[in-house]
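Participant: Starting from these lines, generate the structure:
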Amino acid sequence: MKKGINKTSDYKGAGEPKLNLEEAAIQYESLRVILGGNKSMRKVIAGDFDLISLTREGIKKSTLKSLAGYLGISMETMSRLLHTSHRNIQRKHEEELLDTLKTEKVLELAAFAQRGIEVIGSKQGFIEWLQSPLIMLDNKSPLDYLDTSFGIQMITKILGRLEQGVYS
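Facilitator: Here you go, the predicted structure:
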């Protein structure tokens, strides 16, 4: 069992690990950094309720650009992942908010990136892995599957197998 994770046996999720508050704060802070930190994220993310609220309110275009830069991908690629034209994104002002669906996808991608960096061990290593063709993905890169929630789930499972030392 990982340090800092406590098992509970109450009726609210018996046997599921719960992060202590300090670990949760670090988790949400690193998500905030991936999204551009104080430059683009004025709001503190302290928990899932804040993520839900942020999704409903929308995030700024500048946050989207920060995520693309953090992942080392172009805005054209980011637009493809969001199922929108690059031109539609270009038209938006830096402070303009994205709609709920795009915001949710951006937050999902940021959480995925956070998990990937944790598993791979470094930001640069994760970026290289993300763009490398994998045999188990028919020689496509993980990035090619991040345009749908099911694709993100599939690639997250691959990360889980890597973390466990299972050849993928």
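Participant: Quick check: Val33 vs Ser141, distance?
Facilitator: Using Cβ to Cβ, to the nearest Å, Val33 is found at 24 Å from Ser141. C-beta here means a position set from N, CA and C on the backbone, and glycine is covered the same way.
Participant: do Leu82 as well
Facilitator: 18 Å.
Participant: the more surrounded of those two?
Facilitator: Leu82 (21 against 15; other Cβ atoms under 10 Å).
Participant: Touching, the more buried one and Lys102? I think so.
Facilitator: Yes. Using Cβ atoms under 8 Å, Leu82 is in contact with Lys102, at 5.1 Å.
Participant: any residues in contact with both of the two?
Facilitator: Leu64 (Cβ atoms under 8 Å, 6 or more residues apart in numbering).
Participant: Surely Gln131 and Lys140 touch.
Facilitator: No. Contact criterion Cβ under 8 Å: Gln131 and Lys140 do not qualify, at 10.6 Å.
Participant: Count the neighbours of Ile155 for me.
Facilitator: Ile155, neighbours per other Cβ under 10 Å, totals 23.
Participant: Just the pLDDT at it, thanks.
Facilitator: Looking at Ile155, its pLDDT is 97.
Participant: Phe49 too?
Facilitator: pLDDT, Phe49: 89.
Participant: Tell me the first helix or strand C-terminal of the helix or strand containing it.
Facilitator: Element membership for Phe49 (DSSP states H and E) is helix 48-57. Downstream of helix 48-57, the first helix or strand assigned by DSSP H and E is helix 61-71.
Participant: mind saving the C-alpha coords of that following helix as PDB?
Facilitator: C-alpha atoms of helix 61-71 as PDB (Å, rounded to 0.1, in the frame of the first residue of the first chain):
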ATOM      1  CA  LYS A  61      -8.300  30.300 -24.300                       C
ATOM      2  CA  SER A  62      -5.000  31.200 -22.700                       C
ATOM      3  CA  THR A  63      -5.300  28.100 -20.500                       C
ATOM      4  CA  LEU A  64      -5.800  26.000 -23.600                       C
ATOM      5  CA  LYS A  65      -2.600  27.500 -25.100                       C
ATOM      6  CA  SER A  66      -0.800  26.800 -21.900                       C
ATOM      7  CA  LEU A  67      -1.800  23.100 -21.900                       C
ATOM      8  CA  ALA A  68      -0.800  22.800 -25.600                       C
ATOM      9  CA  GLY A  69       2.600  24.300 -24.800                       C
ATOM     10  CA  TYR A  70       3.100  22.100 -21.700                       C
ATOM     11  CA  LEU A  71       2.400  19.000 -23.800                       C
END
